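Enquirer: structure for the following, please:
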Amino acid sequence: MKNTKLLPLILVAFHLSVMAEVQVGQPSPNIEGRLINGESYSLQARKGKVVLINFWASWCEPCKEEMPHIEKYLQKNKSQGFEVLAINLDKPSGLEAAKKIIANYSFNFGLKSDMNYSGLGYIWRVPSTFIVDKKGVIRKNGLTGDAKVDTRILEDTINPLLSAE
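Expert: Residues are numbered from 1 along each chain as shown. I've put the predicted structure just below:
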């Protein structure tokens, strides 16, 4: 019985440690794995680019609402060094739906089972969007603040990063 009193404290400590792992202004942990098209992916290899990492699911309406904004921003800014990595968090039963959705976009696309993003901590909400600057530093933590992005948030957050040295 004594151990059951400790369990809530352990869970709170674990939650706080996971939340504390990723902070704006700190170097981003590497994300690596295999994209759905078979190509290997490494965030560290993208230094010199601004990268938006978007965690989403096919059943998530806010995820599907923000994707056209992200795609439009990508098309407008990819020549300036902007990239998107979309990581799908669906269970295997939802993957066909996810593939149909992502077919409309030009994002780098990975499945949670094929990508190692553990350094970001536990992804507990969707959408979750992280933004990493050209030097590999986190500029938006997807686990805090606005869950969903739109054109204004993309422009306000990413435009200064694209023009920075």
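
Enquirer: low-confidence ranges, this structure, go.
Expert: Scanning the chain for pLDDT under 70 picks out the ranges 1-21.

Enquirer: what ranges do the helices span in it?
Expert: Using DSSP state H, the helices of the chain run over residues 2-20, 61-77, 95-102, 151-163.

Enquirer: the third one vs helix 61-77, what angle?
Expert: Interaxial angle, helix 95-102 versus helix 61-77 (axes from the mean of the first three to the mean of the last three C-alpha atoms, to 10 degrees): 40 degrees.

Enquirer: show me what helix 95-102 is packed up against.
Expert: strand 82-88, strand 108-116 (3 or more C-beta pairs under 8 Å, 6 or more residues apart in numbering; DSSP states H and E). Placement of C-beta: from N, CA and C, glycine included.

Enquirer: the same query, at a cut-off of 10 Å, please.
Expert: Under the contact criterion of 3 or more C-beta pairs under 10 Å, 6 or more residues apart in numbering; DSSP states H and E, helix 95-102 touches strand 50-56, helix 61-77, strand 82-88, strand 108-116.

Enquirer: closest one to Arg34 among these?
Expert: Closest of those to Arg34 is strand 108-116, at 4.7 Å (criterion: C-beta to C-beta).

Enquirer: start to end distance for stretch 74-84?
Expert: 7 Å (C-alpha to C-alpha, to the nearest Å).

Enquirer: which residues does it contact?
Expert: Residues from elsewhere that reach stretch 74-84 (C-beta atoms under 10 Å, 6 or more residues apart in numbering): 43, 46, 48-54, 67, 70-71, 73, 105-109, 129, 131-132, 134, 151, 154-155, 158-159, 161-163.

Enquirer: any idea how far it is from the chain center?
Expert: 16 Å (C-alpha atoms, centre = their mean, to the nearest Å).
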